[in-house]
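> Sequence first, then the predicted structure, then my questions.
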Amino acid sequence: MRYNYIAIEGNIGAGKTTLAKMLAEQLNAKLILEQFKNNPFLEKFYKEPDKYSFPLELSFLAERYQQMVKELSSMELFYNLTISDYFLNKSLIFARKTLGDDEHQLFRTLFNIMDANVPKPDLLVHLYVKVENLQVNIKRRGRSFEQNITDEYLHNIQESYFQYLNQQSKMRILVLDINNLDFVKIPKDFQYIVDTINQEYPIGITRL
């Protein structure tokens, strides 16, 4: 693999974790998975977003920061490649759509302090999936607290991702449209993704 650290990103239900696990197994890579299941605010947020958006985003930022610092600062003797199913800047992307102006300004200040201490991925892979397909994936995996996520919310998160990505001038970003791929069930689709990731990309955004 051409890169040492690859982050897989995308909207809710895009398949980030599944793809990261498959890539790590195929490529014998160190795997970093986001820890969200024990977050005490997540289910509350989906029921009362206005009340719980700020503590949710702060708790996610703290958890992601602690995990990234721990996992990426240690030298791994047995791995030449690290793959994660999220990027720390995900916190900023979600906060942009869920927080009010004052809260977002405070959140961004805290984020900037933390972000300076976290290594950036050599390649950021953003999985683009249409909202209707995201909803199918969300329903299929059956997490109870996700079943009432609206199309509007997913559209807003999608918009926030692309606003952020379009502002980046120092990162290597691959936006990969996987709407017509089934990398879980069709081996050639998965191999296509592996081969596509293992290409040399310029700084900036490449869309495929």
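Received the coordinates, thanks.
> Send me stretch 110-129 as CSV with only the CA atoms.
Extracted C-alpha coordinates of stretch 110-129, given in CSV (Å, rounded to 0.1, in the frame of the first residue of the first chain):
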residue,chain,number,x,y,z
LEU,A,110,-11.5,23.4,21.7
PHE,A,111,-11.2,21.4,18.6
ASN,A,112,-8.3,23.5,17.2
ILE,A,113,-6.3,23.0,20.4
MET,A,114,-6.8,19.2,20.2
ASP,A,115,-6.4,18.9,16.4
ALA,A,116,-2.9,20.3,16.5
ASN,A,117,-1.7,17.2,18.4
VAL,A,118,-3.2,14.5,16.1
PRO,A,119,-1.4,13.2,13.0
LYS,A,120,-3.4,13.7,9.7
PRO,A,121,-4.1,10.7,7.4
ASP,A,122,-1.9,10.3,4.3
LEU,A,123,-5.2,9.6,2.5
LEU,A,124,-8.7,10.5,3.5
VAL,A,125,-11.3,8.3,1.7
HIS,A,126,-14.8,9.7,1.8
LEU,A,127,-17.5,7.2,0.8
TYR,A,128,-20.3,9.0,-1.0
VAL,A,129,-23.7,7.3,-0.7
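> So which bits of it are buried?
110-111, 114-115, 118, 120-129 (16 or more other Cβ atoms under 10 Å). Where you see a C-beta, it was placed from the backbone N, CA and C, and this is true even at glycine.
> now stretch 29-38
Going by 16+ other Cβ under 10 Å, stretch 29-38 has these buried residues: 29-34.
> can you pull the buried residues of the longest helix along the chain?
Assignment by DSSP state H gives helix 49-73 as the longest helix of the chain. Residues of helix 49-73 classed as buried by neighbour count (16+ other Cβ under 10 Å): 52-54, 56-61, 63-65, 67-68, 71-72.
> One more: stretch 98-110?
98-99, 104, 107-108, 110.
> Of those, just say which sits nearest to Ser169.
If you rank the buried residues of stretch 98-110 by distance to Ser169 using Cβ to Cβ, Arg108 comes first, at 18.4 Å.
> any idea how far Ile157 is from the residue nearest to that closest one when sequence neighbours are not counted?
Nearest residue to Arg108, sequence neighbours excluded (Cβ to Cβ, 6 or more residues apart in numbering): Leu92, at 6.8 Å. Remark: distance between Leu92 and Ile157 (Cβ to Cβ, to the nearest Å) = 12 Å.
> Same drill for those two, tell me which one is more crowded.
Between Leu92 and Ile157, Ile157 has the larger neighbour count (other Cβ atoms under 10 Å), namely 22 against 19.
> buried ones in the host helix or strand of that one?
If you go by DSSP states H and E, Ile157 is part of helix 151-166. Buried residues in helix 151-166, counted by 16+ other Cβ under 10 Å: 153-154, 156-158, 160-161, 164-165.
> mean confidence score for that helix?
When pLDDT is averaged over helix 151-166, the result is 90.
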